[in-house]
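S.K.: starting from these lines, generate the structure:
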Amino acid sequence: MSEQFDYIIVGAGSAGCVLANRLTEDATVSVLLLEYGGSDQSLFIQMPTALSIPMNTEKFAWQFHSEKEPFLDQRQMHCPRGKVLGGSSSINGMVYVRGHAMDFEEWEQSGATDWGYRHCLPYFRKADNWKFGSDAYRSQDGPLSVNNGNEMRNPLYKAFIQSGEQAGYDVTPDYNGARQEGFGPMHMTVKDGVRWSAANAYLKPAKSRPNLKVVTRALTHKVILENRIATGVEYSCNGVIKRASVQREVILSAGSIGSPHLLQLSGIGPGNVLQEAGIGVLHDLPGVGENLQDHLEYYFQYRCKKPITLNGKLDLWNKFLIGARWQFFKSGLGATNHFESCGFIRSKKGIAAPDIQYHFLPAAVRYDGRSAFKGHGFQLHVGHNKPKSRGRVRALSSNPLDKPSILFNYLASPDDVAGFRKTVHLSREIIAQPAMDEYRGEEIQPGIDVRSDEEIDAWIRQGVESAYHPSCSCRMGTDDMAVVDPQTRVHGIEKLRVVDSSIFPVITNGNLNSPTIMTAERAADLIKGKGMLAPSEAEVLLADQWQHSQRPPR
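M.R.: Next up, the predicted model:
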């Protein structure tokens, strides 16, 4: 049986929750939101410190893996994607980074007309509920609560910022404001000690509206096309195949793996890929699934000479105490993601914007919560964040439950290899500053024996991991390889859009939840055909003499 709606949104992730909220603000509009996952009410999702659990749990996340990566010694890389209300905003690290203003200028130069920083900043502000006040860059009026967790009570956070300053870099009070470059407090999407996912911020306030229908455990099989017009979707729920028809538009918000895969399942994509998968070609669109980008990172770990790190809190008794305090008071170590200070720097002179990102963590552990040694330690999560390497997503069959083939081609570009090599030298220099003297013990990894270019390159190939930021696989633009136009409409198909991080033309310098939410906020106005927010004239500050110096001259 077929129900009819004005809009059908596939995927209740960061973008889908925003769209469901904004489109149903008009009481005359009906919206169907389809999500394959279920409830997000697990303690492990809502408690910020438990972030490693939902990310590594099949119930809450698609446990994708890449093909053997040819430039990472044939390693298969883990790529979890949200499979729950809130999508990846319910399993991520809650880090709030908008990206650098120059990233969005790069979007516009790539063909995403009117997606420059001046156009995007008003939508960042529309979403923003910043704890520390409003200005030209920040707002306290939006649904997405942002703060600094426990406000850097552990002395290691401030020592890291001081070490960056002693190494010759700027201190920036708000890297999401006028200047990204520098060291300072890191921001997180947490409200009153609870993960503030897109589900909490956007979907829950809208769920009581009679014009929104949310269906969980709904696996979308394909978009239904008639003469290259999207007329609805086919999906299954509790073993029953259903169809829903659409009056206005179908919007795919299934993420950078799910959206290109679903387009291909629907017969939209590169003709040769579809034919090899046994899928009929309804619209040959060669860019679908191409241009895949992601951030890599590694853990730069040191022993700590003082017993003040989270490594002393990893036993069952301390975890129980942390959990109990959070359960009753929503405070303490359970109420933060522990990434409370950070840095953004340039890898070399001659580039205007940072391409290296640091998350500082007062613990030496992995993303799965395991510690590789006994004692206390701290670490930097280090990423070279403007990769030139490109990968792809490809359907292998017409079965929607068959996972697609994913190949990122990490470090295929020699520039990416050189960039990561540089991060090792720069990171060692930063941690060697006097501010870290009373805390810095021996280097755990890479280790003091990893010194030459060859040794560093080999360690990077074995030590890097995904930062879980897949993007750009349904690129926005106007050229032959673009998938959607600057209005987010799929080229060559009527009444079909894609709105999520897959439409980014180029990956931004930082975590992707914030720019994904901004994209959906802006797309919602485009879909509704209403006037766009006025472009911002806010100033963007670049480092002095960036053409001639890797760090600001003193």
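
S.K.: so which residues of the chain form helices?
M.R.: Ranges of helices in the chain, per DSSP state H, are 14-23, 43-46, 52-55, 101-109, 117-127, 155-166, 198, 204-206, 255-265, 271-276, 316-329, 414-431, 453-463, 513-528.

S.K.: out of those, flag the one nearest His384.
M.R.: His384 lies closest, by CB to CB, to one member of the helices of the chain: helix 414-431, at 3.8 Å. Heads up, the C-betas are built off the backbone N, CA and C, glycines and all.

S.K.: low-scoring stretches of the protein, by residue?
M.R.: Low-confidence segments of the chain (pLDDT under 70): 1, 367-372.

S.K.: thinking again about what came up before, which one of the helices of the chain is the most hemmed in?
M.R.: helix 198 (a mean of 34; mean count of other CB atoms under 10 Å).

S.K.: quick one: Asp479 from Asn291, how far?
M.R.: Asp479 sits 11 Å away from Asn291, going by CB to CB, to the nearest Å.

S.K.: between these two, who's got more neighbours?
M.R.: Asn291 (25 against 10; other CB atoms under 10 Å).

S.K.: surely Asp525 touches Met518?
M.R.: No: counting by CB atoms under 8 Å, Met518 is not a contact partner of Asp525; they are 11.6 Å apart.

S.K.: can you give me the distance of His119 to Gly419?
M.R.: His119 sits 29 Å away from Gly419, going by CB to CB.

S.K.: cool, Glu442 as well?
M.R.: Distance, Glu442 to Gly419, by CB to CB: 26 Å.

S.K.: straight-line length of stretch 469-477, end to end?
M.R.: One end of stretch 469-477 sits 20 Å from the other (CA to CA, to the nearest Å).

S.K.: now do the buried residues in it.
M.R.: His469, Pro470, Ser471, Cys472, Ser473, Cys474, Arg475, Met476, Gly477 (16 or more other CB atoms under 10 Å).

S.K.: I'd like the residues you listed as JSON lines, with distance to His548 appended.
M.R.: Below are these laid out as JSON lines (distance: CB to CB, whole Å):
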{"residue": "His469", "distance to His548": "31"}
{"residue": "Pro470", "distance to His548": "35"}
{"residue": "Ser471", "distance to His548": "32"}
{"residue": "Cys472", "distance to His548": "31"}
{"residue": "Ser473", "distance to His548": "37"}
{"residue": "Cys474", "distance to His548": "39"}
{"residue": "Arg475", "distance to His548": "33"}
{"residue": "Met476", "distance to His548": "34"}
{"residue": "Gly477", "distance to His548": "33"}
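
S.K.: quick one: closest of the helices of the chain to Lys191.
M.R.: That would be helix 43-46 among the helices of the chain, by CB to CB, at 10.6 Å.

S.K.: quick one: residues contacting the closest residue to Gln76 other than its chain neighbours.
M.R.: Leaving aside its chain neighbours, Gln76 sits nearest to His65 (4.8 Å; criterion: CB to CB, 6 or more residues apart in numbering). Contact analysis of His65 by CB atoms under 8 Å, 6 or more residues apart in numbering lists Gln76, Met77, His78, Cys79, Ile406.

S.K.: including neighbour count and distance to Phe5, could those residues go into a markdown table?
M.R.: Listed next are the contacts of His65 as a markdown table, based on neighbours: other CB atoms under 10 Å; distance: CB to CB, whole Å:
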| residue | neighbour count | distance to Phe5 |
| --- | --- | --- |
| Gln76 | 12 | 39 |
| Met77 | 21 | 37 |
| His78 | 16 | 36 |
| Cys79 | 20 | 31 |
| Ile406 | 25 | 31 |
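
S.K.: would you reformat those as a markdown table and include distance to Lys319?
M.R.: Shown next, in a markdown table, are those (distance: CB to CB, whole Å):
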| residue | distance to Lys319 |
| --- | --- |
| Gln76 | 30 |
| Met77 | 28 |
| His78 | 23 |
| Cys79 | 27 |
| Ile406 | 33 |
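
S.K.: what's the closest of the residues you listed to Phe329?
M.R.: Closest to Phe329, out of all of these and judged by CB to CB, is His78, at 33.7 Å.

S.K.: quick check: closest non-adjacent residue to the closest one.
M.R.: Leaving aside its sequence neighbours, His78 sits nearest to His65 (CB to CB, 6+ apart; 5.9 Å).

S.K.: next one: Gln264
M.R.: Nearest non-adjacent residue to Gln264, counting by CB to CB, 6+ apart: Ala395, 4.0 Å away.

S.K.: correct me if wrong: that neighbour contacts Ala277.
M.R.: Yes: contact criterion CB under 8 Å: Ala395 and Ala277 qualify, at 4.5 Å.

S.K.: give me the common contacts of these two.
M.R.: Gln264.

S.K.: neighbour count: the two, which is higher?
M.R.: Legend: neighbour count by other CB under 10 Å for Ala395 and Ala277, higher for Ala395 (27 against 19).

S.K.: so what's the more buried one up against?
M.R.: Residues near Ala395 by CB under 8 Å, 6+ apart: His261, Gln264, Leu265, Gly269, Val273, Leu274, Ala277, Ile279, Gly289, Asp402, Pro404, Ser405.
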